[in-house]
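1. next come a sequence and a model predicted from it.
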Amino acid sequence: MKNQFKTRLKKGDQVIVLTGKDKGKRGQILQVLPKKGAVLVEKVNMIKRHTKADKAGGGGIVEKEAPIHASNVMYYDTIAGKGSGIRMKTLEDGSRTRISRKSGEAV
């Protein structure tokens, strides 16, 4: 587990960006990169890449999402209407679930 960033964020979570050029934007997590400690968020941290033409299709300028560090995003609680931390709760049957710190509801 050396050099791995622990995060409670999962693919599909709605997050809000806390810092940087996209501060305040909300989006869904497309991918979690635990070795880099980063996440890919839909329509956030967009970059342009020049691609070479190949047999399948023409080249051009492709716009895509770049990873953003997981510490720069926060889970967006739709019930509270703002960013919220996530904590873990152990249920009576021994299973663990993620709970929003703001609203107290299961994520």
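-> Sure thing, it's come through.

2. so where is this structure shaky, pLDDT-wise?
-> Counting by pLDDT under 70, the chain shows low-confidence ranges at 1-3.

3. and the strands in it, which stretches?
-> 14-17, 26-33, 38-41, 46-51, 60-65, 68-69, 73-77, 82-84, 86-90, 96-100 (DSSP state E).

4. looking at those, which is buried most?
-> Mean neighbour count (mean count of other C-beta atoms under 10 Å) peaks for strand 38-41 among the strands of the chain, with a mean of 24. Yep, even glycine has a C-beta here, placed from its N, CA and C like the rest.

5. residues contacting residue 37?
-> 4, 5, 7, 69, 70, 71 (C-beta atoms under 8 Å, 6 or more residues apart in numbering).

6. with distance to residue 107 as extra columns, can I get the strands of the chain in CSV?
-> Shown next, in CSV, are those (distance: least, C-beta to C-beta, whole Å):
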stretch, distance to residue 107
strand 14-17, 10
strand 26-33, 12
strand 38-41, 15
strand 46-51, 27
strand 60-65, 22
strand 68-69, 20
strand 73-77, 7
strand 82-84, 9
strand 86-90, 6
strand 96-100, 4
